[in-house]
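Student: Sequence first, then the predicted structure:
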Amino acid sequence: MPGKNGRGRRRLTARRKFQVFMDTRGKEAPVGEILRRWGLSLEDLREIERVVEEGAIGALKVRSGHRARPQEV
């Protein structure tokens, strides 16, 4: 099947992985259907969720040695 590597698993870009993440966020999101559409397993989704969480936390951290400037009103 096109889009799969030799192990039979799809290789998705970071942007597509984020799209899978967003697609599965809805309260009524049909997760199983979404995963089948993308050719992924629940384990794949859990790994995507872990990476997204780590990335978000890393992006939100204030760099050590840099202080946020107070906003002027």
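Tutor: Received the coordinates, thanks. Numbering: from 1, shown residues only.

Student: Please report the distance of residue 13 from residue 32.
Tutor: With the distance defined as CB to CB, to the nearest Å, residue 13 ends up 23 Å from residue 32. Heads up, the C-betas are built off the backbone N, CA and C, glycines and all.

Student: brain fart, residue 24
Tutor: Counting by CB to CB, the separation of residue 24 from residue 32 is 10 Å.

Student: Neighbour count: those two, which is higher?
Tutor: When residue 24 and residue 32 are compared for neighbours, residue 24 comes out ahead with 19 against 10, by other CB atoms under 10 Å.

Student: May I ask you to confirm that that one is in contact with residue 31?
Tutor: Yes: A contact is recorded between residue 24 and residue 31 when judged using CB atoms under 8 Å, the distance being 5.2 Å.

Student: Need the overlap of contacts for those two.
Tutor: Residues touching both residue 24 and residue 31 by CB atoms under 8 Å, 6 or more residues apart in numbering: residue 45.

Student: Assumed residue 27 was part of a strand.
Tutor: No: using DSSP: H, G, I helix; E, B strand; the rest coil, the assignment for residue 27 is coil, not a strand.

Student: And the helices in this protein?
Tutor: 14-23, 31-38, 42-60 (DSSP state H).

Student: Dump these into CSV; add distance to residue 72 and mean pLDDT as well.
Tutor: Listed next are the helices of the chain as CSV, based on distance: least, CB to CB, whole Å; pLDDT from 0 to 100:
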stretch, distance to residue 72, mean pLDDT
helix 14-23, 34, 97
helix 31-38, 45, 96
helix 42-60, 23, 96
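
Student: ok, now how distant is residue 22 from residue 14?
Tutor: To residue 14, residue 22 is 13 Å away according to CB to CB.

Student: Quick one: residues contacting the residue nearest the centre of the chain.
Tutor: Nearest to the mean C-alpha position of the chain, counting by CA atoms, centre = their mean, stands residue 18 at 3.9 Å. Under the criterion of CB under 8 Å, 6+ apart, the contact list for residue 18 reads residue 52.
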